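A.B. asks: Could you look at this predicted model? Sequence included:
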Amino acid sequence: MADQASIEQSMNKMMSSSVIEQTSSLSISSQNMLASSNAPIVDFSVGSMPANYGYDESFSKEDDEDDSNEESSQFKPRILIMGLRKSGKTSIKNVVFHKMEPNETLFLDPTTKTNLEDISCCSFITFQVYDCSGQIDLFSDPTCDYNALLKGCGSLIFVIDAQDEDQYLDAISCLAQTIFRGYVINRAIKFEVFIHKVDGFPDEKKMEIYNEIQQRATEMLIQQDSTETLIQKIYLK
Ligand SMILES: Nc1nc2c(ncn2[C@@H]2O[C@H](COP(=O)(O)OP(=O)(O)OP(=O)(O)O)[C@@H](O)[C@H]2O)c(=O)[nH]1
């Protein structure tokens, strides 16, 4: 099992890479999202992964020790990258994990199916990254077992293209749907929203986009919450 401090270090590295430096990150804690109003606030940050980060609740350390290498590989911490088409998911993955030059991302082909990759930062830091295709809706694709995918997911990164005004509202709506459905399947998922492609925008515009996404996503989540629970806190990081 990977050392938590090392995973933390590698994730922090990921967050400081060049692509993400140009990306405003709005982090939403699922525990806070739909928690009842008197529940404690549990802030999530990249530096605070729980011990069972990315594992099914049913998975225990003993299970890991008993399993063969092949079997235990399915219990590696998992990160899911989702978002509409051309939002920049594969670019982020390649720049962060494969040291691709940002300008080379111009030539990436569209992702047509969910790509799973094992990432090894060193011999004992490994995790899995799922790059989902923005061309298909994960929740209505009969070939995708989204239940299993989300159940074993520790963190879900949703990428929004800040430059694509045509898909902007659709992206926020998809984000709200994804959070809502993901939370039903796995309450431990940590949701990270990357407001991407803000390079070239003045700070004022960045903040405008940031606030709009936060506000609209909050409204949509409140609408979808059929119980009496409320979004308790959304915070910026
Ligand atoms: N301006 C700008 N463009 C970017 C950035 N990151 C990625 N892009 C461009 O966005 C386009 C789409 O990037 P992809 O990574 O293929 O997007 P995707 O979300 O994986 O797309 P699908 O395969 O359709 O799901 C490419 O032309 C990238 O060069 C960024 O930070 N800024």
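C.D. replies: Looks like it arrived, so ask away. Residues are numbered from 1 along each chain as shown.
A.B. asks: I'd like the average pLDDT over the strand or helix carrying E219.
C.D. replies: Assessed by DSSP states H and E, E219 sits inside helix 203-224. On average, the pLDDT along helix 203-224 is 85.
A.B. asks: Any buried residues in it, and which?
C.D. replies: K206, I209, Y210, I213, Q214, R216, A217, T218, M220, L221 (16 or more other C-beta atoms under 10 Å). Glycine gets a C-beta too; all of them are placed from N, C-alpha and C.
A.B. asks: what sits against the single nearest residue of the chain relative to the ligand?
C.D. replies: Distances between the chain and the ligand by C-beta to the nearest ligand atom are smallest at G134, namely 2.8 Å. Residues near G134 by C-beta atoms under 8 Å, 6 or more residues apart in numbering: M82, G83, L84, R85, K86, S87, K89, P110, T111.
A.B. asks: which residue packs closest to it, ignoring adjacent ones?
C.D. replies: In space, and not counting its chain neighbours, G134 is closest to R85: 3.5 Å by C-beta to C-beta, 6 or more residues apart in numbering.
A.B. asks: these two touch, right, the one you found and D137?
C.D. replies: No. If you go by C-beta atoms under 8 Å, R85 and D137 don't touch, sitting 10.8 Å apart.
A.B. asks: For S87, what are phi and psi?
C.D. replies: Torsion angles at S87 (phi, psi; degrees, to the nearest 10) stand at phi -70, psi -20.
A.B. asks: anything in stretch 140-150 sitting right up against the ligand?
C.D. replies: No. Stretch 140-150 lies apart from the ligand when judged by C-beta under 6 Å from any ligand atom; the minimum separation is 13.1 Å.
A.B. asks: Any idea how far apart the tips of that stretch sit?
C.D. replies: End-to-end distance for stretch 140-150, by C-alpha to C-alpha, to the nearest Å: 14 Å.
A.B. asks: For it, buried residues please.
C.D. replies: Buried, per 16+ other C-beta under 10 Å, within stretch 140-150: C144, Y146, L149, L150.
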